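Engineer: what shape does this take:
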Amino acid sequence: MNSRALVNLEVLQPLRLCWWIFAVRGGLAIVFAVVLFLASSFLGIFFFDPVTLVYLSLLLGSFVLSNGLLLGVAAGFAYEHRLHFWWLALCEGCFALLLGIYIGISLMLTSQSLALLAGIHALGAGCFRIALAIKLREDRPNLVLLTVAGLVSLWVGMVFLEHFHQAARHTTQMLSGFELFCGIIWSVVAFRLRR
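Structural biologist: Residues are numbered from 1 along each chain as shown. Modelled structure (predicted):
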């Protein structure tokens, strides 16, 4: 066995304990993407825009809040097992919790504030994905995967922030596509760690 394979095994062995964290995050993101796409497609037809925006704010707030709670559990699990990325999961969890609480408190979203909050969410996710990729830099395939996902997240966040004036339906459909992409990335990472 060569030295590079040995280094990859040393890095991946502790991470294999927490493959379920990435799997749950991926599954949660995929479910949220499907529900958000369906809600944005059908709710605008049956209800007026203010009712739709309240529903979408509850949906987005609960997703971000549950993601933050999951990351808090992941940080505790990683700290207990002395995994080197526990503080990163804790920081991302705190960011997600604060953003989710803010979205829940400011229940009456407009289409502009929905795009701004989606942009902040995507920018934060991109920064934390790139930081996680740096922490896992010895594992080249995960480094590339998480770096690409982080760069895409940063780009999507910038698009949301630059085009905050677009209609709420376009914002939610773009956000559902972005979360579907994130769910697939987390699922691939979980599958690679589980193998």
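Engineer: any idea of the pLDDT on Gln13?
Structural biologist: Each residue has a pLDDT score; the one for Gln13 is 61.
Engineer: again, but for Val7
Structural biologist: 45.
Engineer: and Ser187, how close does it get to Val35?
Structural biologist: Distance of Ser187 to Val35, computed by CB to CB, to the nearest Å: 17 Å. Every residue, glycine included, has its C-beta placed from N, CA and C.
Engineer: who has more neighbours, those two?
Structural biologist: Neighbour comparison, Ser187 and Val35: the larger count goes to Ser187, with 18 against 14 (by other CB atoms under 10 Å).
Engineer: hang on, isn't the more buried one packed against Ile30?
Structural biologist: Yes - the criterion here is CB atoms under 8 Å, and Ser187 meets it with Ile30 at 7.4 Å.
Engineer: is it correct that Ala131 is in contact with Leu88?
Structural biologist: Yes - counting by CB under 8 Å, Ala131 does reach Leu88; the two are 5.7 Å apart.
Engineer: more neighbours: those two, which one.
Structural biologist: Leu88 (19 against 16).
Engineer: pLDDT on whatever helix or strand the more buried one lives in, on average?
Structural biologist: Assigned by DSSP states H and E, Leu88 belongs to helix 86-105. Average pLDDT, helix 86-105: 90.
Engineer: now tell me what touches it from outside.
Structural biologist: Residues outside helix 86-105 that contact it (CB atoms under 8 Å, 6 or more residues apart in numbering): 21, 57-58, 60-72, 74-76, 78-79, 109, 117, 120-121, 124, 128, 131-132, 135.
Engineer: among those residues, which ones are buried?
Structural biologist: Neighbour counting by 16 or more other CB atoms under 10 Å classes 21, 57, 60-61, 63-68, 70-72, 74-75, 78, 109, 117, 120-121, 124, 128, 131-132, 135 among these as buried.
Engineer: give me the low-pLDDT residue ranges for the protein?
Structural biologist: 1-15, 43-50, 107-109 (pLDDT under 70).
Engineer: need the longest helix for it.
Structural biologist: Longest helix of the chain, by residue count under DSSP state H: helix 49-80.
Engineer: now it: how far from the chain's centre is it?
Structural biologist: In terms of CA atoms, centre = their mean, to the nearest Å, the centre of helix 49-80 is found 10 Å from the chain centre.
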